[in-house]
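Participant: Mind looking at a prediction? Sequence and model below.
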Amino acid sequence: MFTIMLKAKLHMARVTHAVLNYEGSCAIDGDLLDMSGIRENEQIQIYNVENGQRFTTYAIRAEEGSKVISVNGAAAHLAGVGDRVIICSYAHYNEAELDTHQPALVYLQEGNAVSHTSHAIPVQLA
């Protein structure tokens with residue numbers, strides 16, 4: 001049996017481009033892809049913090065160091081320049097992998113600069 005678990009997250013990225021007339025995808029700064037372990041052409045989920053839209057697309061590589069987060073194609077209707085988004089990827093893990101699995105979490109600040117990284121989401125307090 002496999003369980004679907006969070007593999008990687010880019011938390012609070014700012015959309016820098018929304019290009020309607022593009023093939024579709026989300027271009028992500030190559031440094032952020034490498035840091036998070038999200039691979040080119042990997043399916044990703046994008047959660048728009050500003051308007052609540054949630055959608056699926058795939059990652060493509062933007063220039064390293066560019067800080068680009070470009071929502072392309074039809075998804076450009078769901079996220080605009082300046083919107084804060086959470087970008088997640090998920091993977092299937094077998095029972096033996098579950099005990100040691102740790103997602104790669106990359107937290108971003110203004111300008112899509114990395115604030116910090118982690119492998120555990122903080123416990124939510126009541």
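Facilitator: On my side now, so go ahead.
Participant: okay, and for the protein, where does confidence drop off?
Facilitator: Along the chain, segments meeting pLDDT under 70 are nowhere present.
Participant: At which residues are the helices of it located?
Facilitator: 30-36, 95-98 (DSSP state H).
Participant: Any idea which of those gets closest to Lys67?
Facilitator: In terms of CB to CB, the element of the helices of the chain nearest to Lys67 is helix 30-36, at 8.1 Å. Placement of C-beta: from N, CA and C, glycine included.
Participant: Give me the buried positions along that closest one.
Facilitator: Gly30, Asp31, Leu32, Leu33, Ser36 (16 or more other CB atoms under 10 Å).
Participant: ok, of these, which one's closest to Phe2?
Facilitator: Phe2 lies nearest to Ser36 out of the buried residues of helix 30-36, by CB to CB, at 21.4 Å.
Participant: which residues sit in contact with the closest one?
Facilitator: By CB atoms under 8 Å, 6 or more residues apart in numbering, the contact set of Ser36 is Ala8, Lys9, Leu10, Ser89, Ala104, Val106.
Participant: What about the first one, how many residues nearby?
Facilitator: Just to be clear, that refers to Ala8. When neighbours are defined as other CB atoms under 10 Å, Ala8 has 23 of them.
Participant: ok, for the residue nearest the centre of the chain, nearest residue in space, not its chain neighbours?
Facilitator: The C-alpha lying nearest the average C-alpha coordinate of the chain belongs to Ile87 (CA atoms, centre = their mean; 2.2 Å). The shortest distance from Ile87 to any non-neighbouring residue, by CB to CB, 6 or more residues apart in numbering, is to Leu10 (4.2 Å).
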